[in-house]
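> Sequence plus the predicted model coming up.
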Amino acid sequence: MPGGKGANQACAAARDGAATAFAGAVGADPLAAVALAGLRAAGVDLSRLATVAAPTACAAVCVDPAGRNQIAVGSGANLLARAAQVADAALGPATLLLLQMEVDPGETAALIRRARHRGARIILNLAPAAALPREVLAALDLLVANEHEAAWLAGQLGCAAEAVALRGALGIDVAVTLGEAGAGLATAAGLLRVPAFPVPVADTTGAGDAWCGVLAAALDRGLPLPAALRRASAAGALACTRPGAAMPAAAETDGLLDASPAG
């Protein structure tokens, strides 16, 4: 199935209505077409995509006895994606840059520094958890982590794993997603809790990517933060109702929001 965290998030943003461009890397092999299928179907701009001399990344989604995903990744071409694929001209104040950690952390750090210098808004999904310099994390507008990634980062920073404590350590807004327990967002105004939407769960693969991509799309078109978070939560829930990393369309997310009382 199509996948990769960056690809999933870009696809989710595009399917939610955002004009979306994707920068990444694939190999010159049959898996490239599979990896890019969702992006192409969603109308994502692939002009910043590189084809490199390494195999297209792939992953095997394993499930432990408790039903939790344990994803084994062959990084391949992902590690040859470069920050230079995103030109300075694309990093102005009108741009929302959404990043994740399945590429070289040094390249991610370089792009964050350039984006901050040029005034872009920056969201980083710290998944899979990997080290970045503290000053790079402090340059973000929003850091998103699940509870396991938050615990890993808290160990690095010497603080508690809750969103408020992580925000205190970094000085930036922090969202911690908690699966069926919803999510918490710590800002200067305090902690905002967003409940999860109860749905029949088939496969949680890609739910966090749907959450991040739709949050970025909602913020990009100017939704207030509470409404953007609720929309992200609805999209993440819908992604759990189908096999694979299947990103919901905007109309599906609208339908779940309309059918569910605000909370």
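Thanks, I have it.
> What sits closest to residue 109 if chain neighbours are left out?
Of all residues not flanking residue 109 in the chain, residue 136 sits nearest, at 4.6 Å (CB to CB, 6 or more residues apart in numbering). Every residue, glycine included, has its C-beta placed from N, CA and C.
> Work out the gap between the helix or strand the one you found falls within and the centre of the chain.
When elements are assigned from DSSP states H and E, residue 136 belongs to helix 134-137. The chain centre lies 18 Å from the centre of helix 134-137; the measure is CA atoms, centre = their mean, to the nearest Å.
> Kindly report the same for stretch 63-73.
With CA atoms, centre = their mean, you get 19 Å for stretch 63-73.
> residues of it that come out buried?
residue 73 (16 or more other CB atoms under 10 Å).
> How about stretch 248-255?
248-250, 252-253.
> Could you list the low-confidence segments of the chain?
Scanning the chain for pLDDT under 70 picks out 262-263.
> quick one, strands of it?
In the chain, strands defined by DSSP state E lie at 21-27, 45-52, 58-63, 69-74, 96-99, 121-125, 142-146, 173-177, 183-187, 190-194, listed in chain order.
> Tell me which of those strands sits most buried.
strand 173-177 (a mean of 26; mean count of other CB atoms under 10 Å).
> Could you check the angle that one makes with strand 183-187?
170 degrees (axes from the mean of the first three to the mean of the last three CA atoms, to 10 degrees).
> now for strand 173-177, which elements pack on it?
Applying 3 or more CB pairs under 8 Å, 6 or more residues apart in numbering; DSSP states H and E, one finds that strand 173-177 contacts strand 142-146, helix 147-157, helix 163-170, strand 183-187, helix 207-220.
> The third one: how far from the chain's middle?
In terms of CA atoms, centre = their mean, the gap separating the centre of helix 163-170 from the centre of its chain is 19 Å.
> so who does the residue nearest to residue 109 touch?
Applying CB atoms under 8 Å, 6 or more residues apart in numbering to residue 136 gives the contacts 109, 112-113.
> then the helix holding residue 136 to CSV, C-alphas only?
Output of helix 134-137 as CSV, limited to C-alpha atoms (Å, rounded to 0.1, in the frame of the first residue of the first chain):
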residue,chain,number,x,y,z
ARG,A,134,17.4,21.8,21.3
GLU,A,135,17.8,25.1,19.5
VAL,A,136,16.2,23.5,16.4
LEU,A,137,13.2,22.2,18.4
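> so who does the spatially most central residue of the chain touch?
In the chain, the centroid-proximal residue (CA atoms, centre = their mean) is residue 212; its distance is 4.0 Å. Shown in contact with residue 212 (CB under 8 Å, 6+ apart): 9, 12, 98, 100, 123, 125, 144, 232.
> What of residue 44?
Listed by CB under 8 Å, 6+ apart, the contact set of residue 44 reads 10-11, 14, 20-22.
> same thing with residue 229?
With CB under 8 Å, 6+ apart, residue 229 has these contacts: 175, 183, 185, 192, 194, 215.
> For residue 229, see how far away the third one is.
With the distance defined as CB to CB, to the nearest Å, residue 185 ends up 6 Å from residue 229.
> and for the two, which residues touch both?
The contact lists of residue 185 and residue 229 share 175, 192, 194, where a contact means CB under 8 Å, 6+ apart.
> re earlier: can you pick out the most distant pair from the contacts of residue 44?
Spatial extent of the contacts of residue 44 (CB to CB) is set by the pair 11 and 21 at 12.2 Å.
> circling back: can you redo the strands of the chain as TSV with distance to residue 83?
Below are these laid out as TSV (distance: least, CB to CB, whole Å):
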stretch	distance to residue 83
strand 21-27	9
strand 45-52	11
strand 58-63	23
strand 69-74	21
strand 96-99	10
strand 121-125	13
strand 142-146	19
strand 173-177	23
strand 183-187	27
strand 190-194	32
